[in-house]
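Chemist: Fold the following.
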Amino acid sequence: MKVRTPRLTQNVLAVEGRDTGEAVLFVHGNVSSSAFWRDSMAALPDGYRPLAVDLRGFGESDPAPVDATRGLRDYSDDVIELLEALDLDGVHLAGWSLGGGIVLQVLRDRPAAVRSVTLVNPISPYGFGGTEGPDGLLTHPDGTGAGAGAANPDFVARLKAGDMSDESPTSPRSVFRSSYVKHPDVPDEDFYVRSMLTTHVGEANYPGDAAASPEWPGVAPGRTGLLNAIAPTNFRLDDLHEIDPKPPVLWIRGADDVIVSDTSLFDLAHLGALGVVPGSPGTPAQPMVAQTRAVLERYGPYREVLLDDCGHSPHLERPEEFRRLLADHLGEA
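Modeler: Numbers count the residues shown, from 1 in each chain. Got it, this is the predicted structure:
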């Protein structure tokens with residue numbers, strides 16, 4: 001269904017006949033859409049109203065431009081406006097990857113509207129790239145190593161061209177197989193690849209405008225678009241522990257995630273340490289998992305669940321276990 005909110009029209013996926021009960025809003029990750037939540041929504045127990053939103057620039061929502069200087073607040077404000085438009089209060093939020101950062105921003109800004117939070121392999125509360133240590137210390141003041149300039153240009157080009165092939169390691173299908181999941185045997189692969197291809201590519205959305213830096217590896221955050229919005233100079237949740245009330249948080253993560261990791265294969269600093277990106281001066285990898293744990297430990301009421309032999313997408317790779325963990329968390333909340 002299409003929902004008109006103050007700044008854009010948002011597409012919301014719902015389950016037919018499930019229009020009452022406690023609302024559970026699912027928020028997808030980068031280069032995907034609400035479609036990635038289809039099966040998790042359908043399996044939600046009775047008594048809940050499952051909904052999943054297409055973020056701006058993804059799926060069938062408007063490709064409204066992203067002001068990266070606001071961090072993730074263009075996205076989180078969209079979610080808050082959607083909750084208001086649908087007259088939802090006390091909502092359960094579930095966010096995967098990028099969506100995890102967005103739901104944490106919603107929690108930070110509107111804690112009283114949130115009944116529970118489920119994080120699925122979320123990005124660090126200190127953004128993606130350009131930091132070191134559990135407290136998210138900037139490697140350089142300008143956020144060098146983060147932002148749209150860190151995106152693989154061939155992947156971006158193939159995404160824009162709607163490439164459904166597996167002819168290149170940088171095609172969306174190949175990236176799905178190698179990075180979204182650990183084992184490339186997820187049913188309905190075409191369905192998920194088509195969802196990836198709904199990404200609106202450009203400087204205003206994904207990946208954003210690139211900027212140069214005099215420091216290695218030569219890229220810094222720009223001012224527009226998604227990858228700049230999650231740069232540590234724009235997105236930081238240092239004060240999450242100060243909110244009140246503090247709804248319970250469930251953190252589910254795959255042990256073999258190569259995207260969000262303390263040694264992420266998408267972090268230029270780590271790729272420099274491996275010699276993939278030449279010239280590294282020894283910049284340490286961003287400890288993404290350790291940073292999330294440090295923030296949640298200060299926050300308080302959270303539980304971390306590690307799924308072995310699982311990559312970036314527990315809801316696709318370990319669906320039955322994911323659904324049980326989610327249902328138990330919702331019930332306890």
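Chemist: how long is stretch 137-145 end to end?
Modeler: Distance across stretch 137-145, first residue to last, is 13 Å (Cα to Cα, to the nearest Å).
Chemist: quick check: mean pLDDT across it?
Modeler: Here stretch 137-145 scores 97 as its mean pLDDT.
Chemist: tell me which residues in that stretch are buried?
Modeler: Going by neighbour count (16 or more other Cβ atoms under 10 Å), the buried part of stretch 137-145 is 138-140, 142-145. The C-beta positions use only the backbone N, C-alpha and C, and glycine is treated the same way.
Chemist: What ranges does the stretch 101-250 of the chain have for its strands?
Modeler: 114-120, 131-132, 137-138, 201-202, 206-207, 211-212, 219-220, 249-254 (DSSP state E, counting those that start in this stretch).
Chemist: hmm, back to that, output the buried residues of stretch 137-145 as TSV; include the columns distance to Pro319.
Modeler: What follows is the buried residues of stretch 137-145, written out as TSV (distance: Cβ to Cβ, whole Å):
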residue	distance to Pro319
Leu138	38
Thr139	37
His140	41
Asp142	41
Gly143	36
Thr144	39
Gly145	35
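Chemist: ok, Pro125 - contacts?
Modeler: By Cβ atoms under 8 Å, 6 or more residues apart in numbering, the contact set of Pro125 is 101, 104, 136, 236-238, 240, 291-292, 295.
Chemist: 7 Å instead, please
Modeler: By Cβ atoms under 7 Å, 6 or more residues apart in numbering, the residues touching Pro125 are 104, 237, 240, 291-292, 295.
Chemist: Disregarding residues adjacent in the polypeptide, which is nearest to Gly282?
Modeler: Nearest residue to Gly282 in three dimensions, chain neighbours excluded: Ala273, at 7.7 Å (Cβ to Cβ, 6 or more residues apart in numbering).
Chemist: isn't the one you found right up against Ser280?
Modeler: Yes - under the criterion of Cβ atoms under 7 Å, Ala273 makes contact with Ser280 at 6.1 Å.
Chemist: Please identify the helix or strand for Phe322.
Modeler: Under the criterion of DSSP states H and E, Phe322 resides in helix 319-332.
Chemist: That helix: how far from the chain's middle?
Modeler: Centre-to-centre, helix 319-332 and its host chain are 20 Å apart (Cα atoms, centre = their mean, to the nearest Å).
Chemist: Just the angle for that helix relative to strand 249-254, thanks.
Modeler: 170 degrees (axes from the mean of the first three to the mean of the last three Cα atoms, to 10 degrees).
Chemist: which residues sit against helix 319-332?
Modeler: Contacts to helix 319-332, defined as Cβ under 7 Å, 6+ apart, come from residues 24, 39-40, 43, 45, 48, 92, 94, 116, 118, 248, 250, 252, 305, 307, 314-315.
Chemist: let's see it at 6 Å
Modeler: Where contact means Cβ atoms under 6 Å, 6 or more residues apart in numbering, the residues beyond helix 319-332 that reach it are 43, 45, 92, 118, 250, 252, 305, 314-315.
Chemist: I only care about those that end up buried; give me the ChimeraX line for that.
Modeler: Command for ChimeraX that selects the buried part of the contacts of helix 319-332, burial taken from 16+ other Cβ under 10 Å:
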select :43,92,118,250,252,314,315
